[in-house]
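*Asks:* 3D, please:
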Amino acid sequence: MRCVWDFGRTGRGTPAPFVPPQRLVVVGFYRYVRNPMYVGFFLGWTGLWIVFGHASRGVLLILLVAMAAVALFVKFYEEPTLKKMFGADYEEYCRNVPRWIPRMHPWSS
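*Replies:* Residues are numbered from 1 along each chain as shown. Below you'll find the predicted structure:
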C-alpha cells in the first residue's frame, strides 16, 4: 500500500500504465529497489509457502514462469517507457538503485 501511496502523492499517478505517474517516484521503498511491489509480492508468496509447506512442483513452476514474465515485462516495456518519460533522471536512478536485490542503505538523489 505504501508504494501505491507514493505513486499517487509523489508521482501524481498510479502504477497502472493507463494512468502513469507524472513525476519519477524515488521515495520510500523505491530508494532501496526499483521494483518493490514485484519483489514484495514474490517474497510474500514464497514466505507463505515455506511457512505452510504447500509448495508443490507445479506451484513452483508457475512461480518461476510468473517471475520470468515479470522480468521480461520490466526489461522490455516498463524500463524503456520510463526512460522515455523521465530521461536522464531515470538513467541516474537505474545506475544507483538495483532492479531486484534491495540496497542496504537508501539512495538519495
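*Asks:* helix/strand/coil for the residue nearest to Ser109 when sequence neighbours are not counted?
*Replies:* The shortest distance from Ser109 to any non-neighbouring residue, by C-beta to C-beta, 6 or more residues apart in numbering, is to Val26 (5.9 Å). In short, each C-beta sits where N, CA and C put it, glycine included. What DSSP: H, G, I helix; E, B strand; the rest coil gives for Val26 is coil.
*Asks:* tell me, how many residues neighbour Val26?
*Replies:* By the criterion of other C-beta atoms under 10 Å, Val26 has 22 neighbours.
*Asks:* phi, psi for it please.
*Replies:* phi -130, psi 50 (degrees, to the nearest 10).
*Asks:* and the gap between the spatially most central residue of the chain and Met67?
*Replies:* When C-alpha atoms, centre = their mean is applied to the chain, the residue found nearest the centroid is Asn35 (1.5 Å). From Asn35 over to Met67 the distance is 11 Å, taken as C-beta to C-beta, to the nearest Å.
*Asks:* and the strands in this structure?
*Replies:* Under the criterion DSSP state E, the chain carries no strands.
*Asks:* how many other residues sit next to Tyr93?
*Replies:* Around Tyr93 sit 19 other residues, with neighbours defined as other C-beta under 10 Å.
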